[in-house]
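1. the sequence and its predicted three-dimensional model are supplied below.
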Amino acid sequence: MIGTSSNPRASIVVPGNHDGVHQGHRTILNLARARANREGWRTLAMFFDPPPSDLLTGTPARSQITTSTRRAELLRGAGADDVIIERFDHVYASQSAREFVHDVLQTRYGAVAAVVGADFRFGQGRQGDAATLRELGLDTLVAEPVMFGGAPVSSTRVRNLLSEGQVVEAARLLMRVHETTGTVVLGDQRGRALGIPTANLECERVLLPRDGVYAVKVRLLENAGEGSPVDRPVSRSRSGMDSALIDGVANLGHRPTFEAGRSVEVHLLDFDEDIYGRQLRVGFVARIRNEQKFSGIEELLNQIAMDIHSARRELSHVDEELLVWI
């Protein structure tokens, strides 16, 4: 739902950036969901597109963990009845805190209550906070930070882990493996000539892990936005619309052995079908090694064989609960 309300029923709203929909976001949504169930309200998650920081600084300050579309899917799967994506522009940014609460939250979306994080700010000049929400008539709960490994869970922490290639640690904070979706495009077909065909991906604009080789789980999607299990029951039974997960090895980087330029390539294990033009959702399960330059084809092929062995080992014992969102 973008900028409109399809249901006038009273709501509890959960505003924020929600990038990644990590443990902290899920905890806030759980609190809102519990209150909504008691009161007969609906639970609305809200975020802004583009992120306010991008508009106010004049340039994207950071890569996003999730696209807006994917974020909305994950928020619904985490318990939101609906997701509001507010288009953020200079007119929107000029609203006072009072205008935002009255004109947007209360009038447009029927908000009577809110759940926010301790650092939530809103309105022109970031003048509003949780106390402002209460003063303006919303029954507001401030959620305590979720701690993991001795530090608060945050989108910034997840980004830092991904930038370091620490996908296992990032998955613990996200409660799912980090993933990206890409369209299979025609490459130089060097992998197929070597007997190890790869799918070259034109990926969506989200933060990718640090360059290197990864063990991945891959789902072949029918169309953009399809194949997501987020609206399904906990059992995550498959509808037949999407494929089973496929094991794979992904290489992110510049292919220095061939000086072939930057790419995202995935070799699907035990799979040999024509998938040009199809969409793949790639979940990064474990980092295998850094990208490196080899002296020749034989050394490269030996390393690829070891990478495949390592990937099979890593993928054989991954926690299935981290894979249900791929």
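-> Cool, the structure landed.

2. quick one: low-confidence residue ranges for the stretch 151-300 of the chain.
-> Within the stretch 151-300 of the chain, the segments meeting pLDDT under 70 span 187-193, 223-242, 255-262.

3. residue boundaries of the helices in it?
-> Using DSSP state H, counting those that start in this stretch, the helices of the stretch 151-300 of the chain run over residues 155-163, 167-174, 190-193, 297-316.

4. could you dump these into TSV and include mean neighbour count and distance to residue 271?
-> No exception for glycine: its C-beta is placed from N, CA and C like everyone else's. Shown next, in TSV, are the helices of the stretch 151-300 of the chain (neighbours: other C-beta atoms under 10 Å; distance: least, C-beta to C-beta, whole Å):
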stretch	mean neighbour count	distance to residue 271
helix 155-163	19	26
helix 167-174	22	22
helix 190-193	14	13
helix 297-316	15	12
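
5. could you dump these to TSV with distance to residue 270?
-> As requested, these are exported to TSV (distance: least, C-beta to C-beta, whole Å):
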stretch	distance to residue 270
helix 155-163	28
helix 167-174	22
helix 190-193	16
helix 297-316	10
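
6. among those helices, which is nearest residue 149?
-> helix 167-174 (8.0 Å; C-beta to C-beta).

7. figure out how far that closest one is from the centre of its chain.
-> Taking the mean of its C-alpha atoms, helix 167-174 sits 12 Å from the chain's own mean (C-alpha atoms, centre = their mean, to the nearest Å).

8. looking at the helices of the stretch 151-300 of the chain, which is closest to residue 272?
-> Distance to residue 272, taken as C-beta to C-beta, is lowest for helix 190-193 among the helices of the stretch 151-300 of the chain, at 10.1 Å.

9. for the spatially most central residue of the chain, give me its contacts.
-> Computing the C-alpha centroid of the chain and ranking residues by C-alpha atoms, centre = their mean puts residue 66 first, at 3.4 Å. Residue 66 makes contacts with 19-21, 74, 206, as judged by C-beta atoms under 8 Å, 6 or more residues apart in numbering.

10. how much space separates it from residue 307?
-> 27 Å (C-beta to C-beta, to the nearest Å).

11. three-state assignment of the residue nearest to the centre of the chain?
-> Of the three states, residue 66 takes coil according to DSSP: H, G, I helix; E, B strand; the rest coil.

12. how close does it sit to residue 160?
-> Noted for residue 66: a distance of 16 Å to residue 160, by C-beta to C-beta.

13. need the strands for the chain, in chain order.
-> Per DSSP state E, the chain carries strands over the ranges 11-15, 42-49, 82-87, 111-117, 139-143, 147-148, 151-152, 179-185, 199-203, 212-221, 246-253, 263-268, 279-289.

14. can you give the strand pairings for the second one, parallel or anti for each?
-> Yep, that's strand 42-49 we're talking about. If you go by DSSP bridges, strand 42-49 pairs up with strand 11-15 (parallel), strand 82-87 (parallel).

15. ok, now the last one?
-> When pairing is defined by DSSP bridges, strand 279-289 lines up against strand 179-185 (antiparallel), strand 212-221 (antiparallel).

16. could you dump these into TSV and include mean neighbour count and distance to residue 195?
-> Formatted as TSV, the strands paired with strand 279-289 follow (neighbours: other C-beta under 10 Å; distance: least, C-beta to C-beta, whole Å):
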stretch	mean neighbour count	distance to residue 195
strand 179-185	20	19
strand 212-221	23	18
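
17. I'd like those as TSV, with distance to residue 129 appended.
-> Below are the strands paired with strand 279-289 laid out as TSV (distance: least, C-beta to C-beta, whole Å):
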stretch	distance to residue 129
strand 179-185	33
strand 212-221	40
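
18. list the residues that contact the residue nearest to residue 289 when sequence neighbours are not counted.
-> Leaving out its chain neighbours, the residue that sits closest to residue 289 by C-beta to C-beta, 6 or more residues apart in numbering is residue 213, at 5.1 Å. Residue 213 makes contact with 249-252, 287-291, 307 under the criterion C-beta under 8 Å, 6+ apart.

19. rerun that using 10 Å as the cut-off
-> 165, 249-253, 265, 287-292, 303-304, 307, 310-311 (C-beta atoms under 10 Å, 6 or more residues apart in numbering).

20. most tightly surrounded among the strands of the chain?
-> Neighbour counts (mean count of other C-beta atoms under 10 Å) averaged over each of the strands of the chain peak at strand 11-15, with a mean of 27.

21. now it - C-alpha only, PDB.
-> This file holds the C-alpha atoms of strand 11-15, laid out as PDB (Å, rounded to 0.1, in the frame of the first residue of the first chain):
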ATOM      1  CA  SER A  11      -4.700   1.000  13.600                       C
ATOM      2  CA  ILE A  12      -1.400   0.700  15.500                       C
ATOM      3  CA  VAL A  13       1.400   2.000  13.300                       C
ATOM      4  CA  VAL A  14       5.000   1.000  13.300                       C
ATOM      5  CA  PRO A  15       7.000   3.700  11.500                       C
END
